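[1] Fold the following and give me the result.
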Amino acid sequence: MAERTEMAQGVLERYGIDSSLPDSQALTLLEKEHQKLLRKLNHVFGNAVKEQELEQELDVLETAMEELERAGGRKLSLDDVELETKSLSQTQIEFDENAQTEEEAIAEMMEIRRLEKQIRKDQGKNIEVSFRGILKLLDYYKRKGSFLGREKWLAYAVEWFHYPQHTNEMYDLQRTRTDGLADPEKCRYWMRRAAQTGHKDACFEMGKECMKEGSPSFDLKQAAVYFAKAADREHPQAYLYAFTAFYKLGDYNRAETCLKAADKIGVPGAAYRLGVVYDVDENSYGQRNPEEALAWYEKAYRQSPDGDVCYGLGVLYDEFGRTREAEEVLQRGIREYRSEDCEEAWEDQKGRAENAGSGEEPEEEPEAASWEGEPEKEPEETSWKAESEEEMESLISPKRDSRQDLIRQATALYEQGNYSRAALVFLKLKGEYELEGEYRAALCYLADKKSRFSRGLAKTWLKALAKEDYKDAGDIYEREFGALKRKK
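    Below you'll find the predicted structure:
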């Protein structure tokens, strides 16, 4: 009998086998232990922790058995070993006799483990052996509900054959696994790999990663590319995200194309967003197009009305002199959706109607907060241009960067009277300058008299800033829109 390694001796001791026995007898006893482990494994598929433990124990046991075989021991087949079912009956779950018998299941497992060894030895060199073998293994572990087995052989398939479908399957496996070994970092890694192959869900999730401002992967252009890929593969939400990315990039043609494609397949909110796009001057026309906006608002109202839709449509109806329709839509927004914007627009419409009926001149609206400098007695007023160069520099980092460019771009747009576009540029200021950007954007929207929608946006931003107690946003809001409704 050849001298045994320390590992083989340890395995024999672990299972209480006399190490003085000849190799063939020791191998027979190890084969019985091997089958016991296979029986246990057959009943824990899907429980990754126990499955992993048994897999590791089987690997060590099989290595010891191979050593005894090489030393001259006799390799036994399944028929040569008596199945010790009685000793295991107390710990096993009830086996489904209508499907595969337990003996058949063990025989299949032994065949699978032999196939696994053969594939590892081949390492993808022989397509007949490795590729077809891996497909068989993936089918087997899928039937058994083993995430661990599928993960292991999908990883080999990706490494050896670079087949996109295997990458996509691995991503699907990582994001849906329920065996207790889910790993966010691993899922993110396979998400990136799957996005490169065009997996629509992976592209969508990668787009969202690239849209997160402040994250290392923030990249609007790349986000737009990912969302466009996902939309091409008919991911319903991707159209709206692609619209947002292209719109922020200033590519209004593509942004509108995304919305129209989303509307075509019935994505909720697409028609309303198109109405908003045409209600301001940030669109492919380069100017506000109220007729086009009205058509899309009406479609949104028919498909999925809500408070925002009622407000946009009601205000435009009023602008076109369609008073009765405006009243009906705004009243619905108040009644069904409790929209404060609709309530304000309705009060405005009603006040103008009462003034017209009495022959009185309507009261002049209080002037919006000025962009230009205010009198010296009110130095705290809301002018950007009134600020000194030192104050201007304090809003940006000492190092010249994109924030300076945004400020110059927004200032130039404002001076040209392009208030809504200036507001959108201010809203690109992020980080510690985000509130200041929102504040300046609100002033731009207040200055925009072309669209009532802009006034609604100003109200939204000022209300949010007032809650943050930012500068004099609360005072401006109350002067322009009335007292703030504060939660008790």
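[2] Could you give the number of residues near D308?
    Counted with other CB atoms under 10 Å, the burial measure for D308 works out to 21 neighbours. Where C-beta positions appear, they are placed from N, C-alpha and C, glycine not excepted.
[3] Rounded mean pLDDT for the helix or strand harbouring it, please.
    Using DSSP states H and E, the element containing D308 is helix 307-319. Averaged across helix 307-319, the pLDDT comes to 92.
[4] any idea which helix or strand comes after it?
    Next along the chain after helix 307-319, taking DSSP H and E as the criterion, comes helix 323-337.
[5] hey, C-alpha coordinates of the very next helix or strand once past that next one in CSV?
    Towards the C-terminus, the helix or strand next in line after helix 323-337, according to DSSP H and E, is helix 340-358. Included here for helix 340-358 are C-alpha records, laid out as CSV according to Å, rounded to 0.1, in the frame of the first residue of the first chain:
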residue,chain,number,x,y,z
GLU,A,340,-53.5,74.3,-5.1
ASP,A,341,-52.3,75.5,-8.5
CYS,A,342,-55.7,74.9,-10.0
GLU,A,343,-57.3,76.8,-7.1
GLU,A,344,-55.0,79.8,-7.6
ALA,A,345,-55.6,79.8,-11.4
TRP,A,346,-59.4,79.6,-10.8
GLU,A,347,-59.3,82.5,-8.3
ASP,A,348,-57.3,84.6,-10.8
GLN,A,349,-59.8,83.8,-13.6
LYS,A,350,-62.7,84.5,-11.3
GLY,A,351,-61.2,87.8,-10.1
ARG,A,352,-60.6,89.0,-13.7
ALA,A,353,-64.2,88.1,-14.6
GLU,A,354,-65.6,90.0,-11.7
ASN,A,355,-63.5,93.1,-12.5
ALA,A,356,-64.6,92.9,-16.1
GLY,A,357,-68.3,92.7,-15.1
SER,A,358,-68.1,95.7,-12.8
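[6] okay, the angle between helix 340-358 and helix 307-319?
    With axes from the mean of the first three to the mean of the last three CA atoms, to 10 degrees as the basis, helix 340-358 and helix 307-319 are set at 20 degrees to each other.
[7] switch to numbering from 30
    Sure thing, new numbering starts at 30, so read that last one as helix 369-387.
[8] same for helix 369-387, what does it pack against?
    Contacts defined by 3 or more CB pairs under 8 Å, 6 or more residues apart in numbering; DSSP states H and E place helix 369-387 against helix 336-348, helix 352-366, helix 481-496.
[9] The longest one relative to helix 369-387, how many degrees between them?
    With the same axes, to 10 degrees as the basis, helix 481-496 and helix 369-387 are set at 120 degrees to each other.
[10] Tell me the helices and strands packed up against helix 481-496.
    helix 336-348, helix 369-387, helix 448-455, helix 463-476, helix 502-510.
[11] What distance do you get for L177 to G236?
    30 Å (CB to CB, to the nearest Å).
[12] what about these two, which has more around it?
    Comparing L177 with G236 by other CB under 10 Å, the one with more neighbours is G236, at 28 against 20.
[13] Send me the helix holding D337 as PDB with only the CA atoms.
    This file holds the C-alpha atoms of helix 336-348, laid out as PDB (Å, rounded to 0.1, in the frame of the first residue of the first chain):
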ATOM      1  CA  GLY A 336     -53.800  68.100 -10.800                       C
ATOM      2  CA  ASP A 337     -50.900  69.100 -13.000                       C
ATOM      3  CA  VAL A 338     -52.700  68.200 -16.200                       C
ATOM      4  CA  CYS A 339     -55.800  70.200 -15.100                       C
ATOM      5  CA  TYR A 340     -53.700  73.200 -14.300                       C
ATOM      6  CA  GLY A 341     -51.700  73.300 -17.500                       C
ATOM      7  CA  LEU A 342     -54.800  72.700 -19.700                       C
ATOM      8  CA  GLY A 343     -57.000  75.100 -17.700                       C
ATOM      9  CA  VAL A 344     -54.500  77.900 -17.900                       C
ATOM     10  CA  LEU A 345     -54.100  77.500 -21.600                       C
ATOM     11  CA  TYR A 346     -57.900  77.400 -22.200                       C
ATOM     12  CA  ASP A 347     -58.100  80.700 -20.300                       C
ATOM     13  CA  GLU A 348     -55.300  82.100 -22.400                       C
END
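[14] Give me the distance from that helix to the chain's centre.
    Relative to the chain's own centre, helix 336-348 is displaced by 32 Å; criterion: CA atoms, centre = their mean, to the nearest Å.
[15] tilt between that helix and helix 352-366?
    Orientation of helix 336-348 against helix 352-366 (the same axes, to 10 degrees) gives an angle of 170 degrees.
[16] Pull the residues that contact helix 336-348.
    Contacting residues not belonging to helix 336-348 are listed as 301, 304-305, 308, 319, 322-323, 326-327, 329-330, 352, 354-356, 358-359, 361-362, 366-368, 370-371, 374-375, 378, 481-482, 485 [CB atoms under 8 Å, 6 or more residues apart in numbering].
[17] do the same with stretch 37-45
    Contact partners of stretch 37-45, identified using CB under 8 Å, 6+ apart, comprise 33, 47-48, 55, 58-59, 62, 89-90, 93, 96-97.
[18] Low-confidence stretches in the stretch 380-517 of the chain?
    385-432, 434, 459-460, 479-482, 514-517 (pLDDT under 70).
[19] tell me which element the spatially closest residue to K457 that is not a sequence neighbour falls in.
    Nearest non-adjacent residue to K457, counting by CB to CB, 6 or more residues apart in numbering: L435, 5.5 Å away. L435 belongs to helix 431-444 when assigned by DSSP H and E.
[20] Next: E263.
    Once you assign secondary structure using DSSP H and E, E263 falls outside every helix and strand.
[21] Quick check, pLDDT for it.
    Listed pLDDT for E263 reads 86.
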